[in-house]
Structure formats: structure tokens, C-alpha cells
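Enquirer: Predicted model and sequence follow; I will ask about them next.
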Amino acid sequence: MAAYVMEEAERCLNCKNPQCQAGCPIHTSIPEVIQLFKQDETMKAAEILFENNPLSVICSLVCNHENQCEGHCVRGIKGTPVHFSEIERYISDSCFERIKIAQEKPNGMKVAVIGAGPAGITIAIRLASRGYKVTIFETHDKIGGILRYGIPDFRLPKSILDRYLKKFKELGILVRPNFAIGGSTSIKDLLKDGYKSVFVGTGAWRPNRLGIPGETFGNVHYAINYLNNPDVYDLGDEVAIIGAGNAAMDVARTAIRHGVRNVTIYVRESEVAASQKEYDYARIDGVHFEFNISCVEIVDEGPIMCNVKQNEAGEYEVLEETRRLIPADTVIISISQKPQDRLVNRDKELKLDAKGTLATTSDGETTIEGVFAAGDVVTGAKTVVAAVSKSKKIADEMDRYMQTH
């Protein structure tokens with residue numbers, strides 16, 4: 001592994017105008033990191049990675065690199081791009097425990113972070129390093145959020161997430177697991193207890209519905225629920241998946257690893273929404289694909305499908321005359337998710353926008369003063385790196401708010 005990573009590092013041209021860095025959503029200093037690695041300054045490279053992205057070791061595994069850093073590498077124009085994901089993974093993984101996070105003196109102010117997913121972890125680490133006393137409230141028994149309960153272990157080993165607990169301890173971050181804000185305790189209760197600011201990073205856990213007949217039947221499941229704990233599901237031998245994003249690929253590959261004989265993904269459009277890499281991996285694993293087809297009903301024997309065509313206006317039309325049953329033991333719906341409404345039902349001053357996500361200003365502040373939010377609860381289901389990028393900015397806004405109020 002080390003030899004391969006060094007070979008990749010040697011291929012870097014150290015461009016004066018690094019397009020790889022421009023293509024990264026959080027503008028990682030890729031050439032600088034690679035040059036430090038080549039100069040045996042691996043720890044310094046790791047510190048730069050972690051300072052810029054507290055989830056660097058995770059993003060090296062789950063980011064859509066072919067559309068971001070590697071997709072912008074000039075070497076990829078006529079050949080193979082430098083695989084920075086492998087370099088980043090090696091540096092971050094080998095140095096993670098040894099990275100010392102610079103921490104300012106305690107300032108006496110407390111911050112509550114609701115949700116220990118990508119956004120919550122980023123906020124907690126950034127603010128703890130600035131001297132705030134941070135407490136994370138997590139509904140589940142372990143940290144990670146969608147990283148733990150929505151991404152399969154073969155893509156993201158959960159042992160990586162467990163290593164963050166040591167970083168939390170070093171920074172004085174406290175975690176209250178199995179504790180759902182919005183039940184017996186409200187956001188207002190947190191503010192009354194003296195938390196100077198509150199961050200909401202509860203993610204998007206409520207699956208979107210197709211809104212078709214038969215969606216409540218026992219042979220139907222939602223992707224986010226299945227990925228949460230696939231061991232408790234008996235899917236049978238034939239599985240039909242509706243939807244074609246990265247989550248659908250995760251569901252399909254997980255089902256195959258749990259013994260399902262035939263898995264087919266049905267795509268309304270002519271191509272998948274998932275990244276090319278995840279699509280390729282799914283096909284390698286034996287997943288079948290059917291394009292330009294739409295599910296219009298679900299019965300006990302499986303989904304009822306119709307062909308779809310695109311009209312001159314670019315809209316997709318369902319061809320009812322092609323209506324037919326596709327025999328399947330289980331149907332899994334994977335058309336993204338949106339936030340749950342537990343918090344807004346408990347704290348009435350919190351408002352949602354037209355999309356059903358938490359309403360915030362451009363600075364990330366919600367409709368309750370001093371309460372900020374970022375991640376999927378604001379944007380809907382997006383990428384891990386998108387949550388990190390926005391959360392870094394929100395951490396700055398929270399710091400500014402607490403220092404001036």
C-alpha cells in the first residue's frame with residue numbers, strides 16, 4: 001500500500017494552478033499535502049488535512065473523487081489522474097491518533113450539538129478547539145449518524161468512527177448517547193441551562209415516498225431503514241430497488257452480501273444518479289439494471305412497472321399501455337430522504353422551508369436566535385463533504401455570535 005501511494009505521489013505535477021484543489025468542495029491543499037508527503041513530512045501533511053477537514057480519513061473513502069479532486073487533475077485529461085484519495089487515506093489513517101489538535105484556553109461558554117453525524121462532528125471539533133465546552137446529544141447509541149447507520153461497512157469501516165471518541169476526549173467533548181432532543185427535552189431547555197449556542201445537525205432520516213398504491217405492504221422497505229440494520233431483514237431471493245442514487249447502490253450491494261440471489265435496480269431515467277464508481281462496483285457485484293422504467297403500483301407479487309419515454313420538453317411520460325408485473329419477493333424504495341419533524345413539533349419557533357428542511361439564514365441561523373443548523377437537515381440528503389464544508393462556515397458564525405452576545 002505504501003509503495004503504491006508513493007508512486008501516486010510521484011506522479012503529481014505540482015501544478016502552479018492546481019485544478020484538483022479547485023475541484024475539491026473544501027479546497028484541500030492537495031499539492032502541498034503531496035509535496036510534504038514526498039519530503040517525509042507525513043505528520044505535517046496529516047495536520048493540514050485534519051485542520052481543513054476533520055473528516056479527512058472518512059472523505060478519503062466516501063467522496064465522489066472522480067467528479068471532484070481526481071476529476072479535475074490535469075493528468076486525467078489524456079491519461080489517468082493522480083489518485084489523491086489513496087494518498088489522503090494513507091496519510092490520514094496512519095497519523096490519525098498522533099494528530100495533536102491545537103486548542104485555545106477554555107472560554108467558559110458551553111455549546112450543545114444535536115446529532116453526531118458529519119455536520120455535528122465537524123462543529124464539535126472546530127468549536128472545542130476554540131475553547132468552547134461542547135456536549136453532543138445523539139439519538140443512537142454510537143456516534144456517526146448517516147456515516148454509521150447509512151453507509152455499509154464495506155465502504156466505510158465503522159472502526160474508523162470509533163476512533164473519533166478518543167479525539168473527543170482529548171478536546172473535552174462530552175457525548176450523551178441514546179438521548180433525543182425533541183422528546184422530553186427541548187432546544188429551549190438547552191438554552192435555559194446556559195448553553196450559549198445550539199447546533200442542529202440531525203440529518204435526513206425520513207424516507208421520501210413514491211406515493212403509489214401498495215407502498216405500505218409488508219414486502220416493501222425503504223433504503224435508509226434497510227441500511228440502518230440489514231441483518232434484521234429477510235428479503236428473499238428476488239429484490240427490486242426503485243431509485244438509482246448512491247444509496248440504492250449501497251442497498252443493492254448490501255443485499256447481495258446478505259445472500260439475495262437476484263437484485264435489480266429500476267431507473268426512471270436513461271442513466272443512474274449515482275457516481276460512476278459506485279455504479280461500476282454494483283455491476284461488478286452482479287446487480288442488474290433496467291432503465292427508462294417507472295414503478296406505478298406495488299402488489300404482493302412485486303412491483304407493477306411501466307416504460308417511460310422523454311418528450312420534447314424533456315419531461316418523462318409513463319406509458320400505461322406497457323403496464324406489467326415484475327415478480328419480486330421484496331421492493332426497496334430508494335428515492336432520498338428528508339428531515340424528521342420531531343424538533344419543529346417540540347420547539348414551535350423552529351420553522352421549515354418549502355422543501356420541508358430546516359429554515360436558516362445565509363449564516364446558518366435558524367428562526368430561534370442562537371440556534372444554528374447545517375448538513376442534511378438544512379439541505380436534504382447530500383454528500384459528506386458538503387456537510388463538512390458548510391459546517392466549517394457555520395462554526396465560524398457560531399463563534400462570532402457567542403463572542404458578541
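Expert: Yes, it's here.

Enquirer: Show me which positions of the helix or strand of the chain with the lowest mean pLDDT end up buried.
Expert: Ranking every helix and strand in the chain by mean pLDDT, DSSP states H and E puts helix 342-346 at the bottom, with a mean of 85. Neighbour-count burial for helix 342-346 flags 342, 343, 344, 346 (criterion: 16 or more other Cβ atoms under 10 Å). No exception for glycine: its C-beta is placed from N, CA and C like everyone else's.

Enquirer: Past it, which element shows up next along the chain?
Expert: Sequence-wise, the next helix or strand downstream of helix 342-346 (DSSP states H and E) is strand 371-373.

Enquirer: elements contacting whichever helix or strand comes after that following strand?
Expert: The helix or strand immediately downstream of strand 371-373 is helix 376-379, counting by DSSP H and E. The helices and strands touching helix 376-379, judged by 3 or more Cβ pairs under 8 Å, 6 or more residues apart in numbering; DSSP states H and E, are helix 384-404.

Enquirer: contacting residues around the helix it packs on?
Expert: 24-26, 53-55, 58-59, 62-63, 68, 109, 111, 117-119, 122-123, 126-127, 130, 132, 146-147, 196-197, 199, 201, 363-365, 370, 372-376, 378-379 (Cβ atoms under 8 Å, 6 or more residues apart in numbering).

Enquirer: Can you give me the buried ones in that helix?
Expert: 384-392, 394-395, 397-399, 401-402.

Enquirer: Off-centre distance for it?
Expert: 17 Å (Cα atoms, centre = their mean, to the nearest Å).

Enquirer: what are the phi and psi angles of the closest residue to residue 267 other than its chain neighbours?
Expert: With sequence-adjacent residues excluded and distances taken as Cβ to Cβ, 6 or more residues apart in numbering, residue 267 is closest to residue 244, at 4.3 Å. For residue 244, the backbone dihedrals (degrees, to the nearest 10) come out as phi -140, psi 30.

Enquirer: contacting residues for residue 244?
Expert: 265, 267, 268, 269, 272, 273, 274, 289, 334.

Enquirer: Just the buried residues from those, in ChimeraX please.
Expert: Restricted to buried positions by 16+ other Cβ under 10 Å, the ChimeraX selection for the contacts of residue 244 reads:
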select :265,267,268,272,273,274,289,334
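
Enquirer: Which of the contacts of residue 244 sits closest to residue 218?
Expert: Within these, distances to residue 218 taken as Cβ to Cβ reach their minimum at residue 334, with 18.1 Å.

Enquirer: The closest one and residue 101: what is the separation?
Expert: Distance of residue 334 to residue 101, given as Cβ to Cβ, to the nearest Å: 37 Å.

Enquirer: Go ahead and report the secondary structure state at the closest residue to residue 144 other than its chain neighbours.
Expert: For residue 144, ignoring the flanking residues on the chain, the nearest one in space by Cβ to Cβ, 6+ apart is residue 161 at 4.2 Å. Following DSSP: H, G, I helix; E, B strand; the rest coil, residue 161 is assigned to helix.

Enquirer: Let me know whether residue 161 touches residue 143 as I believe.
Expert: Yes: here residue 161 lies in contact with residue 143, judged by Cβ atoms under 8 Å, at a distance of 6.2 Å.

Enquirer: Shouldn't residue 240 be within a strand?
Expert: Yes: counting by three-state DSSP, one finds residue 240 located in a strand.

Enquirer: what's the pLDDT at it?
Expert: Turning to residue 240, the model gives it a pLDDT of 98.

Enquirer: show me the contacts for residue 260.
Expert: 235, 236, 237, 238, 239.

Enquirer: just the strands in the stretch 151-300 of the chain please.
Expert: With DSSP state E, counting those that start in this stretch as the criterion, the stretch 151-300 of the chain has strands at 174-176, 195-200, 206-207, 220-222, 238-242, 262-267, 288-291, 293-299.

Enquirer: what comes up buried for the fourth one?
Expert: Going by neighbour count (16+ other Cβ under 10 Å), the buried part of strand 220-222 is 220, 221, 222.

Enquirer: Mind giving me the packing neighbours of it?
Expert: Partner elements for strand 220-222 (3+ Cβ pairs under 8 Å, 6+ apart): strand 330-333.

Enquirer: Kindly report the same for the third one.
Expert: The criterion is 3+ Cβ pairs under 8 Å, 6+ apart, and the helices and strands that strand 206-207 contacts are helix 223-228, strand 337-338.

Enquirer: any chance of the ones you listed in JSON lines, plus mean pLDDT, distance to residue 138 and mean neighbour count?
Expert: Formatted as JSON lines, those follow (pLDDT from 0 to 100; distance: least, Cβ to Cβ, whole Å; neighbours: other Cβ atoms under 10 Å):
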{"stretch": "helix 223-228", "mean pLDDT": "96", "distance to residue 138": "14", "mean neighbour count": "21"}
{"stretch": "strand 337-338", "mean pLDDT": "88", "distance to residue 138": "18", "mean neighbour count": "20"}
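
Enquirer: Rebuild those as JSON lines, extending it with distance to residue 155.
Expert: Putting the helices and strands packed on strand 206-207 into JSON lines (distance: least, Cβ to Cβ, whole Å) gives the following:
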{"stretch": "helix 223-228", "distance to residue 155": "11"}
{"stretch": "strand 337-338", "distance to residue 155": "18"}
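
Enquirer: if we can go back for a sec, buried by neighbour count, from the contacts of helix 384-404: which ones?
Expert: For the contacts of helix 384-404, buried by 16+ other Cβ under 10 Å: 24-26, 53-55, 58-59, 62-63, 68, 109, 111, 117-119, 122-123, 126-127, 130, 132, 146-147, 196-197, 199, 201, 364-365, 370, 372-376, 378-379.
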